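Okay, sequence plus prediction incoming.
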Amino acid sequence: MLCTNKMKKQLITAILMGCFIVLCSTNASGKTNKHELLKALHASASKGESYVANGITLNSQLKEIKKKFGEPKDKQDDEWGALFVYDSFSILFSGYLSDLNDSSEILELRIFIGNDHINYKDIIKTLGKPNHEEYNDAEQRWQAFYKAGDNCLAFFSDGKESQMFEAAIFKPAAEFKKKQFKKLK
């Protein structure tokens, strides 16, 4: 395969950002290969890690996040805990901002996928039918859940026909395991 200057620059940028998988899922025209991106996302979710937050897993602690990525561009309390927002991902911690310490654990890794133009049909074509899907009235969004090893990979959009804006990797809570995760086979 012939490697153009544009591709070399993309490779260097991807390596520096720790996002090699994004380059692997980009074809010569610079367009994202949705199929490869979704497969890589599912594979990384199975390991409890995010391809965007390279080296960070669901077992990582706050001190590791700060060392690797520095301060987030935004911090806020979410419904479930403290949310640290970076450019292409966010991390939800167990505990609220006032409760955080260096050993605070990650509850969820969120990846912003809105620029990848992934929709429900792309997900079905690549990963098959979701193990569970629903419209969440409280959050006014459509959600699709896939089992990924012992973890869960979820996709979110404004509706089933809309473009996905976020993916999340998390360990299902006991209540979710009882109700939904058993369905995720």
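Received it, and whenever you're ready, just let me know what you need.

contacting residues around the residue most central in space within the chain?
Among the residues of the chain, the one closest to the centroid is Ile111, at 3.4 Å (C-alpha atoms, centre = their mean). Contact analysis of Ile111 by C-beta atoms under 8 Å, 6 or more residues apart in numbering lists Leu41, Ser50, Tyr51, Val52, Ser88, Phe89, Glu166, Ala167, Ala168, Ile169. (Each C-beta comes from the backbone N, C-alpha and C, glycine too.)

Which residue ranges of this protein form strands?
Assignment of strands within the chain using DSSP state E yields the ranges 74-77, 81-85, 89-94, 106-112, 132-136, 141-148, 151-157, 164-170.

Would you mind writing the CA trace of the second one as PDB?
In other words, strand 81-85. Output of strand 81-85 as PDB, limited to C-alpha atoms (Å, rounded to 0.1, in the frame of the first residue of the first chain):
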ATOM      1  CA  GLY A  81     -21.100  10.900  39.900                       C
ATOM      2  CA  ALA A  82     -18.400  13.300  38.900                       C
ATOM      3  CA  LEU A  83     -17.900  13.700  35.100                       C
ATOM      4  CA  PHE A  84     -14.600  14.800  33.600                       C
ATOM      5  CA  VAL A  85     -14.900  16.000  30.000                       C
END
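
circling back: mind putting the contacts of Ile111 in TSV, pLDDT and distance to Leu127 included?
Below are the contacts of Ile111 laid out as TSV (pLDDT from 0 to 100; distance: C-beta to C-beta, whole Å):
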residue	pLDDT	distance to Leu127
Leu41	92	9
Ser50	84	17
Tyr51	76	15
Val52	78	18
Ser88	89	21
Phe89	92	20
Glu166	93	16
Ala167	94	11
Ala168	94	15
Ile169	95	14
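
Narrow these to just the buried residues.
Neighbour counting with 16 or more other C-beta atoms under 10 Å marks Leu41, Ser50, Tyr51, Val52, Phe89, Glu166, Ala167, Ala168, Ile169 as buried within the contacts of Ile111.

Max pairwise distance over these: which two?
Largest separation among the buried ones among the contacts of Ile111 by C-beta to C-beta: Tyr51 and Glu166, giving 14.5 Å.

what does stretch 146-160 contact?
So stretch 146-160 is in contact with 41-42, 45-48, 58, 113, 118-120, 123, 127, 130-131, 135, 140-145, 163-172, 176, 181, 184-185, going by C-beta under 8 Å, 6+ apart.

low-scoring stretches of the protein, by residue?
For the chain, applying pLDDT under 70 flags the ranges 1-32, 173-185.

if we go to 50?
Applying pLDDT under 50 to the chain flags residues 1-30, 175, 178, 185.
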